[in-house]
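Novice: Got a sequence here, can you model it:
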Amino acid sequence: MLFNSPQFIFLFLPIAMLGFHLLGSYGRRPVIAWLGLVSVVFYAVWNPPYIVLLVGSILANYLCARAIAKAPEESTARRHLLVAGVTLNLLVLFYFKYLFKAIQWLDAVHLANLHPNSILLPLGISFFTFTQISYLVDLAQGQAEQQDFLSYLLFVTFFPHLIAGPILHHKEMMPQFGKESRFALNSDDVSLGLTWFLLGLAKKVLIADNLRETADTTFLHAGLLTSTSAITGLAVYSLQLYFDFSGYSDMAIGLARIFSIRFPLNFDSPYKATSVTEYWQRWHITLTRYITLYLYNPLLLAVQRHRIASGRKISRKALATPAGFIAMVAYPTIATMLLTGLWHGAGLQFLIFGLIHGIYLTANQAWRHFRQPAPAPPTGVVRLAMMIGVYVQVTFALIFFRSTSTHAALALLHDIAGAHGFGSLGSLADGWLAFALFPVVWFLPNTLQILGQETTAEVPIPGPAAPTTIAHEQAPSIFARIRWSPTLGWGLLMAALFFAVLVELDRPAAFLYFQF
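Specialist: Sure, this is the predicted structure:
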């Protein structure tokens with residue numbers, strides 16, 4: 001079921017809210033059971049047989065978690081149980097997400113002659129698998145507590161995040177369903193949550209979906225385009241992806257807030273970033289946190305232990321040497337981003353996407369680490385130039401992210417270089433909406449600022465020289481008067497926006513991150 005479908009908006013969501021409110025007076029367990037039930041139904045609507053996969057995954061991981069909790073701390077049995085649990089999760093993920101591509105590759109290089117049928121990728125499998133892996137790891141390390149089954153079921157399946165994130169951490173969710181929590185619809189949270197949801201819905205339906213045709217046509221005809229058409233189509237896709245994922249993130253956070261649940265920030269104007277490091281602190285924030293905690297940090301720790309065992313230092317002085325920087329920054333950063341690229345999809349193009357970003361991050365870390373003194377934060381024209389530079393870098397990598405194969409990505413690069421001519425300015429007409437959106441993503445306040453929800457978020461990111469926090473810049477004073485509040489004026493504005501959405505809601509399109 002899609003958030004942007006009439007069935008969800010007019011049937012599923014009202015029923016979920018009504019049940020939540022009515023059962024709230026009976027205590028914690030009925031509410032948790034209700035939300036878990038409607039979340040399972042939400043998933044089943046997409047493809048009922050795959051509910052067996054979701055519930056089976058939850059049962060297997062819950063039983064594994066119980067066994068880990070019972071095993072003595074730091075025991076061999078606990079480590080073996082963790083390895084078994086993580087391996088089982090990864091095998092399931094490999095079967096659905098990578099096996100078909102792997103067999104296709106073996107066929108292509110004449111190492112097999114299997115000709116398998118394609119495997120339908122279950123929605124959200126990466127998200128609910130990674131959520132459970134992190135819980136098992138933290139439980140085995142003594143950083144999480146064992147939960148009852150209903151709490152665990154809801155933690156994994158809560159419908160606002162089940163399909164495409166954010167990737168939740170148990171420390172963020174479990175306390176919000178604690179014994180002291182009160183369960184009933186809160187008028188302040190409902191009004192804020194519905195507004196947040198509607199703003200995200202408008203981004204998806206009114207902006208992202210109207211960019212889809214041009215973006216799809218560009219990548220479908222890669223290798224046949226003029227340079228101007230290829231660049232225009234690529235720019236259109238970069239903004240389609242931006243508003244699609246921004247819209248989804250707003251909708252997920254808004255839906256959770258309706259039930260007085262606070263989700264972590266997952267999207268914060270990434271095209272305002274002045275470095276690729278900052279970009280990853282603003283784009284898919286919970287994924288960045290996940291890969292840092294569960295991929296980069298263990299890789300770095302393994303490197304440091306190896307260096308200590310071989311008699312080499314891991315001090316700042318050692319890090320300042322080329323060999324130390326390569327071992328303790330470049331290697332874990334690039335390896336982490338290669339795996340991140342592979343997480344996004346099976347195919348060489350995704351590995352290249354990850355490698356490009358690994359090189360970007362490593363270069364940025366080298367600049368930050370070896371440049372003395374640290375430069376002052378950019379302002380004015382310098383800041384704009386840096387934002388444009390980051391946008392160009394990120395958009396270049398998107399060629400491999402969006403293309404169906406490496407060959408198709410290279411074909412589009414040839415188009416951009418002018419292999420089929422440079423075209424005329426008339427070919428820019430298809431991208432008029434996209435180019436009008438650049439001032440929006442660079443200069444206007446984002447949803448957080450409009451809703452008055454600015455915070456300072458800690459976002460770990462691969463690399464010891466990277467900042468660990470981002471402070472949400474205050475919106476210009478000229479926009480202070482339009483900040484949201486539950487007033488009649490805002491209510492009428494949201495009603496008009498909702499009507500505009502309904503006009504375009506006849507054929508709801510899936511979110512781009514559903515395929516991951």
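Novice: what number of residues lie near P175?
Specialist: Neighbourhood size, P175 [other C-beta atoms under 10 Å]: 10. C-beta: built from backbone N, CA, C; applies to glycine.
Novice: Quick check: closest non-adjacent residue to the residue nearest the centre of the chain.
Specialist: Geometric centre of the chain, nearest residue: H284, 3.6 Å, by C-alpha atoms, centre = their mean. With sequence-adjacent residues excluded and distances taken as C-beta to C-beta, 6 or more residues apart in numbering, H284 is closest to N266, at 6.4 Å.
Novice: if I look at that neighbour, how far off is K101?
Specialist: Note on N266: its distance to K101, by C-beta to C-beta, to the nearest Å, is 27 Å.
Novice: rewinding a little: residues in contact with the residue nearest to H284?
Specialist: 165-166, 249, 252-253, 284-286 (C-beta atoms under 8 Å, 6 or more residues apart in numbering).
Novice: 10 Å - rerun?
Specialist: Residues near N266 by C-beta atoms under 10 Å, 6 or more residues apart in numbering: 161, 164-167, 245-246, 248-250, 252-253, 282-289.
Novice: How about I482?
Specialist: 445, 450, 475, 489-490, 493.
Novice: I figured the residue nearest to the centre of the chain was touching Y513, is that so?
Specialist: Yes. With contact defined as C-beta atoms under 10 Å, H284 reaches Y513; the gap is 8.3 Å.
Novice: what touches both of the two?
Specialist: In terms of C-beta under 10 Å, 6+ apart, H284 and Y513 are both contacted by the residues 164-165, 245, 249.
Novice: What is the nearest of the residues you listed to Y271?
Specialist: Closest approach between the shared contacts of H284 and Y513 and Y271, by C-beta to C-beta: F245, at 11.8 Å.
Novice: Could you list the low-pLDDT ranges of the stretch 1-150 of the chain?
Specialist: For the stretch 1-150 of the chain, applying pLDDT under 70 flags the ranges 104-118.
Novice: mind running it again at 80?
Specialist: The model of the stretch 1-150 of the chain has pLDDT under 80 over residues 100-121.
Novice: measure S229 to L220 for me?
Specialist: Counting by C-beta to C-beta, the gap from S229 to L220 is 12 Å.
Novice: which of those two has more neighbours?
Specialist: Set S229 next to L220 and count neighbours by other C-beta under 10 Å: S229 wins out with 26 against 11.
Novice: Quickly find the element holding that one.
Specialist: helix 227-258 (DSSP states H and E).
Novice: That helix packs against which elements?
Specialist: Other helices and strands packing on helix 227-258, by 3 or more C-beta pairs under 10 Å, 6 or more residues apart in numbering; DSSP states H and E, are helix 13-23, helix 159-162, helix 187-202, helix 209-220, helix 380-402, helix 406-416, helix 432-443, helix 447-450.
Novice: Centroid-wise, who is the farthest residue in the protein?
Specialist: The chain, farthest from centre, C-alpha atoms, centre = their mean: G311 at 39.8 Å.
Novice: where does it land in three-state SS?
Specialist: coil (DSSP: H, G, I helix; E, B strand; the rest coil).
Novice: quick one: it from A318, how far?
Specialist: Counting by C-beta to C-beta, the gap from G311 to A318 is 12 Å.
Novice: Same question for A230.
Specialist: Computed as C-beta to C-beta, the A230 to A318 distance reads 45 Å.
Novice: and the two? which has more neighbours close in?
Specialist: Counted by other C-beta under 10 Å, A230 and A318 do not tie: A230 has more neighbours, with 30 against 15.
Novice: which ones are touching that one?
Specialist: With C-beta under 10 Å, 6+ apart, A230 has these contacts: 218-219, 221-224, 399, 411-420, 422-423, 427.
Novice: Check H169 too.
Specialist: Contacts of H169 (C-beta under 10 Å, 6+ apart): 131, 134-135, 138, 144, 155, 264, 286, 289-290, 293.
Novice: quick check, nearest of the residues you listed to L13?
Specialist: Closest to L13, out of all of those and judged by C-beta to C-beta, is F155, at 20.5 Å.
Novice: Helices of the stretch 251-400 of the chain, start to end?
Specialist: Ranges of helices within the stretch 251-400 of the chain are 276-282, 285-291, 297-309, 316-319, 322-325, 331-344, 348-370, 380-402, based on DSSP state H, counting those that start in this stretch.
Novice: which one of these lies closest to T76?
Specialist: Of the helices of the stretch 251-400 of the chain, nearest to T76 by C-beta to C-beta is helix 297-309, at 19.0 Å.
Novice: Remind me what that closest one packs against, helices and strands.
Specialist: Secondary-structure packing of helix 297-309 (3+ C-beta pairs under 10 Å, 6+ apart): helix 322-325, helix 331-344.
Novice: Now do that helix against helix 331-344, angle only.
Specialist: Helix 297-309 and helix 331-344 are oriented at 150 degrees to each other (axes from the mean of the first three to the mean of the last three C-alpha atoms, to 10 degrees).
Novice: Report the distance from helix 297-309 to the chain centre.
Specialist: Put simply, helix 297-309 sits 28 Å off its chain's centre (C-alpha atoms, centre = their mean, to the nearest Å).
Novice: For it, list every residue counted as buried.
Specialist: Buried residues in helix 297-309, counted by 16 or more other C-beta atoms under 10 Å: 299-300, 303-304, 307.
Novice: Just name the closest of those to I356, please.
Specialist: For the buried residues of helix 297-309, the nearest to I356 is L299 (18.9 Å; C-beta to C-beta).
Novice: what two of the buried residues of helix 297-309 are the furthest from one another?
Specialist: L299 and R307 (12.8 Å).
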